[in-house]
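Q: Okay, sequence plus prediction incoming.
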Amino acid sequence: MHSKVVVIGSGPAAHTAAIYLARAELNPVLYEGFMANGIAAGGQLTTTTDIENFPGFPKGIMGSEIMDAMRQQSERFGTKIITETVAKLDLSARPFKYETEWSPGEVHTADAVILATGASARRLGLLGEDKYWQSGISACAVCDGAVPIFRNKPLVVIGGGDSAAEEATFLTKYGSHVTVLVRKDQLRASSIMAQRLLNHPKVTVLFNTRGIEVKGDDKVMTGLVIENTVTHKRQLLEASGLFYAVGHDPATSLVKGQLDIDSEGYIITKPGTPLTSIEGVFAAGDVQDKRYRQAITSAGTGCMAAMDAEKFLAEHELDQREGAAEGKSE
Ligand code: FAD
Ligand code: NDP
């Protein structure tokens, strides 16, 4: 199969790109993946409940519901959606070549590629984590911090980077107090963020401390057993919320060694654009964004990727026509 443009991924970035491409009559093919990186088609929002900060839904909307709606909107304008995972991608020459997980050796081609494979928040695998995931435990304070179960309750953040500092500070708006657990004797966060955190009256930072076990009443979490990594002394910390801020893993294994990627594995795009280091390859959503990581920003960059892909394809066709007129081939 050859297509003008292939979209890899199925979160807000991928579907927004597909909607724009399909409306521009570019007949996009979208690979939504089959449990790619352990995440169902539809992406990270399918792993959560209420989305309260995506504009247009004053009463909120369930994560799976908004992703079903985005998928329907992609299809409505003619996107061909394939429920397979792209397993190999060769960006060395145009048209770009790829193979899927279930049909190895069967090579498909595309003139342009939009990478919207997303990222996944790291988990810690604490005892009780599976039981209380989304019933007290979250990997996104900005997404979940405002829900009623956290209001005026003691909360815990694990992590010592900028995300932990930012999320803990954000949570002080809702919780009665926020305790930050840092595994080493120092924060990794930038000094300005670290100072803000350390000076906040509603925050306590516990260094050399790790989480051990999440406790609860079978419905929601009520506390966390923590351990001092130097003295090995354990104690039970009362907590209604536990927020992980221990980093994300962008899904970039397909393009490692082919595209410019930063030290943490994120695709590097030209600032303010979805352009990658290879012409005709665009990146959108969390796979290229370690700062905002929101559905709305992913959708926004998906739109940008589609518009730049459309421009690229128009120029590419013009080149081909001029090449043919002058009797040269690409
Ligand atoms: P993702 O949503 O990460 O999806 C990428 C998809 O691509 C995945 O389904 C994956 O399986 C697929 N894929 C990966 N590799 C391949 C491949 N090789 N072939 C085919 N498919 C592939 N944001 C908000 O704005 N509001 C919220 O309330 C909110 N709540 C959240 C709650 C939780 C628990 C989490 C984890 C995140 C939350 N977020 C929220 C963040 C939001 O989900 C992400 O920012 C957004 O989903 C990123 O979108 P994306 O398009 O980059 O891709
Ligand atoms: P980082 O990788 O910077 O920090 C992750 C933190 O989690 C580190 O403190 C790390 O500890 C800790 N950690 C990792 N694994 C574990 C574990 N198993 N148990 C306990 N703690 C653990 O990730 P961030 O998400 O904070 O930041 C990613 C990037 O995004 C950075 O470049 C950051 O600067 C940027 N960013 C910037 C913001 C801003 O400028 N406002 C906001 C948010 C992010 P250790 O230090 O011991 O390794």
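A: Everything's here; your move. Ligands and ions are numbered 1, 2, ... in the order given.
Q: In terms of pLDDT, where does the residue in the stretch 51-200 of the chain positioned nearest to ligand 2 sit?
A: The stretch 51-200 of the chain approaches ligand 2 most closely through residue 161 (2.4 Å), counting by C-beta to the nearest ligand atom. To be clear about C-beta, it is placed using only N, CA and C from the backbone, and glycine gets the same treatment. We note a pLDDT of 94 for residue 161 in this prediction.
Q: mind pulling up the phi and psi values for the closest residue to it other than its chain neighbours?
A: Setting aside the residues directly before and after it, residue 161 is nearest to residue 188 in space (C-beta to C-beta, 6 or more residues apart in numbering), at 4.6 Å. When quoted as degrees, to the nearest 10, the phi and psi of residue 188 stand at phi -90, psi -20.
Q: Do a quick rundown of the helices in this protein.
A: Per DSSP state H, the chain carries helices over the ranges 12-23, 63-76, 129-132, 141-144, 162-171, 191-198, 295-325.
Q: and those, which one is worst for confidence?
A: Of all the helices of the chain, helix 141-144 carries the lowest average pLDDT, namely a mean of 86.
Q: Please name every helix or strand in contact with it.
A: Applying 3 or more C-beta pairs under 8 Å, 6 or more residues apart in numbering; DSSP states H and E, one finds that helix 141-144 contacts helix 162-171.
Q: Let me know the angle separating the helix it packs on from helix 191-198.
A: If you take axes from the mean of the first three to the mean of the last three C-alpha atoms, to 10 degrees, helix 162-171 sits at 40 degrees to helix 191-198.
Q: Quick one: list the elements packing against helix 162-171.
A: Partner elements for helix 162-171 (3+ C-beta pairs under 8 Å, 6+ apart): helix 141-144, strand 154-158, strand 177-181, helix 191-198, strand 241-244.
Q: closest one to residue 276 among those?
A: The minimum distance between residue 276 and the helices and strands packed on helix 162-171 falls on helix 141-144, with 26.4 Å, by C-beta to C-beta.
Q: is the closest one anywhere near ligand 1?
A: Yes: interface with ligand 1: helix 141-144 contributes residue 143 (C-beta under 6 Å from any ligand atom).
Q: For that helix, buried residues please.
A: 141, 142, 143, 144 (16 or more other C-beta atoms under 10 Å).
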